[in-house]
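Colleague: Test case, fold it:
(chains A and B)
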Number of protein chains: 2
Amino acid sequence: MRLPSHIAIIPDGNRRWALGHELKKTDGYEHGLSPGLSVFRLAKQYGISEITYYGFTVDNCKRPPEQLKAFSHACVEAVKLIANEGCSLLVIGNTKSKCFPKELIPYTSRTDIAGGGMKVNFLVNYGWEWDLSGIGEKKENSKLQNVIHSHNISRIDLIIRWGGMRRLSGLLPIQSVYSDFYIVDALWPDFKEEQFCEALNWYEKQDVTLGG
Amino acid sequence: MRLPSHIAIIPDGNRRWALGHELKKTDGYEHGLSPGLSVFRLAKQYGISEITYYGFTVDNCKRPPEQLKAFSHACVEAVKLIANEGCSLLVIGNTKSKCFPKELIPYTSRTDIAGGGMKVNFLVNYGWEWDLSGIGEKKENSKLQNVIHSHNISRIDLIIRWGGMRRLSGLLPIQSVYSDFYIVDALWPDFKEEQFCEALNWYEKQDVTLGG
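Modeller: Residues are numbered from 1 along each chain as shown, chains lettered A, B, ... in the order given. Coordinates of the predicted model:
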């Protein structure tokens, strides 16, 4: 089976899920934790090299404070869950802003956990403008990919987005220029393993041209 | 009807169409000219403000020379066709490379034709790395959007890609961070007006959050 080396996950739909279950919007995020761990384990089983989770963004921080608190907390919990498993963990985002959860500072350089393994990246208080602003300090002849803030995250082969929206929402613009984009209509808390497997089956049928 | 202000068109599938019609790959491109003009006229009817055509890229220039010649010629013809209609025309791409068709140099600054009107952008010998390399010369506090080579092209609301592939293939990474992405499975030379209209109907049902 031709597998993607690097998969990015956009875990969208937590708030809609909560409203659909007569919960408050802020109650949705914790129902996204277990799917995150399931995807991690599945990806590891398949032998995927690298996985990136779209946690929350600088844009998201404009939402009401109770939502910010809820998704920030869920993000910290999600990282902690994964940090219990063997992997090579990296949290990337604007640490200079007060929205960045302090508990995650230790992971902002890549950390091998329990012997290392699959690279796992979490985008936390990530912003595409923040990311690309590294280019301003670029020396002539250095590659764009090497000077962005997310330079430790490789090119993405497959993006899987839950929740039905067909957009990147600012996810890693440089790493996603050639990515294949797969949409799951189900909301993220309704994650099922077969959705992930179907995305891989679909990916296998795509050609890889890298724009050529 | 809530319409997108700016639509980008990825007219993919010309070579596959040619092979499916027992033609040489290079014969496909000319069959994409008439769809390009149809989309222009439709967009104008709907009152769309700006439309961008993904012509060819720096990546595409690695293809065999007879293909390069064919798609470059088709691109020049496509621009000429549109230049017969009233619009505000701009061709964007790396003019310093020998792959850039000299005939299009006059349109590399925005030109009002027959009284102007809808903004029409053609990406010709466009490269995302070339585009973003403008950021290297950025002054502090200037916006990223204002220093890229494509700074005269605005944020894209809706990307419509023909030919079934679900990827950006390097299209304007900055302008597409929040774009909605609609895929038509039909190949570009099999363009039909209803595909465009269905894309607009679908777009109307999406919410606009700009990442918020």
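Colleague: going forward, measure contacts and count neighbours with C-alpha atoms only.
Modeller: Fine.
Colleague: Show me where chain A has its strands.
Modeller: For chain A, the strands defined by DSSP state E cover A:6-11, A:50-57, A:87-92, A:111-113, A:119-126, A:158-162, A:180-184.
Colleague: Out of those, flag the one nearest chain B.
Modeller: Chain B lies closest, by CA to the nearest CA, to one member of the strands of chain A: strand A:180-184, at 4.9 Å.
Colleague: Stretch A:122-133: end-to-end distance?
Modeller: 19 Å (CA to CA, to the nearest Å).
Colleague: Any chance you could list what contacts that stretch?
Modeller: For stretch A:122-133, the surrounding residues in contact (CA atoms under 8 Å, 6 or more residues apart in numbering or on different chains) are A:52-59, A:61, A:75, A:79, A:90-95, A:99-100, A:148-150, A:170-173, B:144.
Colleague: next one: stretch A:147-158
Modeller: Contacts of stretch A:147-158 (CA under 8 Å, 6+ apart): A:4-8, A:92, A:121, A:130-135, A:137-138, A:145, A:172, A:174-176, A:178-182, A:203.
Colleague: which parts of chain A sit against chain B?
Modeller: Residues of chain A found near chain B (CA under 8 Å from any CA of the partner chain) are A:57, A:59-63, A:129, A:133, A:135-139, A:144, A:165-171, A:173-174, A:177-182, A:206, A:210-212.
Colleague: hmm, which of the residues you listed are the buried ones?
Modeller: Among the residues of chain A next to chain B, the ones that count as buried by 16 or more other CA atoms under 10 Å in any protein chain shown are A:57, A:59-61, A:129, A:133, A:135-136, A:138, A:144, A:165-171, A:173-174, A:177-182, A:211.
Colleague: From the centroid of chain A, which residue is nearest?
Modeller: A:Tyr53 (1.7 Å; CA atoms, centre = their mean).
Colleague: A:Ile10 is in contact with that one, correct?
Modeller: Yes. The pair formed by A:Tyr53 and A:Ile10 meets the contact definition of CA atoms under 8 Å, at 6.5 Å.
Colleague: where does chain A have low pLDDT?
Modeller: A:136-141 (pLDDT under 70).
Colleague: in it, which spans are helices?
Modeller: For chain A, helices defined by DSSP state H occupy the ranges A:14-20, A:33-46, A:65-82, A:128-132, A:144-147, A:193-204.
Colleague: Show me how far the fourth one is from its chain's centre.
Modeller: When distances are taken as CA atoms, centre = their mean, to the nearest Å, helix A:128-132 is centred 15 Å away from the chain's centroid.
Colleague: Please apply the same query to stretch A:66-82.
Modeller: Distance, centroid of stretch A:66-82 to centroid of chain: 13 Å (CA atoms, centre = their mean).
Colleague: got the CA positions of it in PDB?
Modeller: Provided in PDB are the C-alpha atoms of stretch A:66-82 (Å, rounded to 0.1, in the frame of the first residue of the first chain):
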ATOM      1  CA  GLU A  66     -14.800  30.700  27.900                       C
ATOM      2  CA  GLN A  67     -14.300  29.000  24.500                       C
ATOM      3  CA  LEU A  68     -10.600  30.000  24.500                       C
ATOM      4  CA  LYS A  69     -10.200  28.500  28.000                       C
ATOM      5  CA  ALA A  70     -12.000  25.300  26.900                       C
ATOM      6  CA  PHE A  71     -10.100  24.600  23.700                       C
ATOM      7  CA  SER A  72      -6.800  25.600  25.200                       C
ATOM      8  CA  HIS A  73      -7.400  23.200  28.100                       C
ATOM      9  CA  ALA A  74      -8.400  20.400  25.700                       C
ATOM     10  CA  CYS A  75      -5.200  21.000  23.700                       C
ATOM     11  CA  VAL A  76      -3.000  20.600  26.800                       C
ATOM     12  CA  GLU A  77      -4.900  17.400  27.600                       C
ATOM     13  CA  ALA A  78      -4.400  16.100  24.100                       C
ATOM     14  CA  VAL A  79      -0.700  16.700  24.200                       C
ATOM     15  CA  LYS A  80      -0.500  15.000  27.600                       C
ATOM     16  CA  LEU A  81      -2.300  12.000  26.300                       C
ATOM     17  CA  ILE A  82       0.100  11.600  23.400                       C
END
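Colleague: List the buried residues in that stretch.
Modeller: Within stretch A:66-82, the residues that qualify as buried are A:Gln67, A:Leu68, A:Lys69, A:Ala70, A:Phe71, A:Ser72, A:Ala74, A:Cys75, A:Val76, A:Ala78, A:Val79, A:Ile82, counting by 16+ other CA under 10 Å.
Colleague: contacting residues around the residue nearest to the last one when sequence neighbours are not counted?
Modeller: Read that as A:Ile82. Closest residue to A:Ile82 apart from its sequence neighbours, by CA to CA, 6 or more residues apart in numbering or on different chains: A:Leu37 at 6.6 Å. Residues near A:Leu37 by CA under 8 Å, 6+ apart: A:Ala78, A:Leu81, A:Ile82.
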